[in-house]
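1. Provided below for reference: sequence and predicted model.
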Amino acid sequence: MEKIHTDQAPAAIGPYSQAVACHGVLYTSGQIPIIPETGEIKEGCIRCQTKQVMKNLQAVLEAAGTDFTKVIKSTCFLADINDFAAFNEVYGEFITDKPARSCVAVKDLPKGVKVEVELIADLD
C-alpha cells in the first residue's frame with residue numbers, strides 16, 4: 001500500500017491521505033474545492049467549485065501516474081440536487097469515458113462547499 005501526496009492538490013484537512021494505491025488501484029479521498037496554493041475555498045457557483053474539485057483530483061491522479069481515462073468509479077456528493085445538471089456539465093469536461101458513478105445530495109459538506117468528489121482509478 002502506498003500513500004499518494006502532491007502539493008498540487010490541497011493538503012488533507014484531517015487524518016487521511018489524498019489517495020492510497022493498493023494492488024494496482026488508486027483510491028482518492030474526497031476532494032472539495034480548496035485552492036491548493038492558498039488553502040481557501042473556491043467561492044462561486046457549482047460550476048466554479050466543480051472545476052476546482054476536478055483540477056484537484058487531476059493533480060492527485062497525475063501524482064499517482066494515472067489520469068481521468070483510467071477512472072473506474074466516482075462518487076459525487078452535492079449539497080443541492082438542483083445543481084445536478086450544472087455539475088454534470090463540468091464533470092463531463094474532465095471525465096469522458098463514462099465510468100461507474102454514484103451522485104447523491106447530502107445534507108452538508110465540509111466547510112459549507114457545494115460539491116465533493118472521490119475516485120477509484122486503475123493504475124495498470
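-> Looks like it came in fine.

2. check contacts around the nearest residue to Thr96 once chain neighbours are set aside.
-> Spatial nearest neighbour of Thr96, excluding adjacent residues (CB to CB, 6 or more residues apart in numbering): Phe68 at 7.4 Å. Glycine gets a C-beta too; all of them are placed from N, C-alpha and C. For Phe68, the contacting residues are Leu57, Gln58, Leu61, Phe94, Ile95, Thr96, Asp97, by CB atoms under 8 Å, 6 or more residues apart in numbering.

3. from these, which is closest to Gly30?
-> Nearest to Gly30 among these, counting by CB to CB, is Leu57 at 9.5 Å.

4. which residue is the nearest non-sequential neighbour of the closest one?
-> Gln31 (5.1 Å).

5. ok, what's across the strand from that neighbour?
-> On the basis of DSSP bridges, Gln31 is bridged to Val117.

6. re earlier: which among the contacts of Phe68 end up buried?
-> Leu57, Gln58, Leu61, Phe94, Ile95 (16 or more other CB atoms under 10 Å).

7. can I get those residues in CSV with pLDDT, distance to Leu78 and secondary structure?
-> Listed next are the buried ones among the contacts of Phe68 as CSV, based on pLDDT from 0 to 100; distance: CB to CB, whole Å; DSSP: H, G, I helix; E, B strand; the rest coil:
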residue, pLDDT, distance to Leu78, secondary structure
Leu57, 98, 16, helix
Gln58, 98, 20, helix
Leu61, 98, 21, helix
Phe94, 98, 16, helix
Ile95, 97, 16, coil
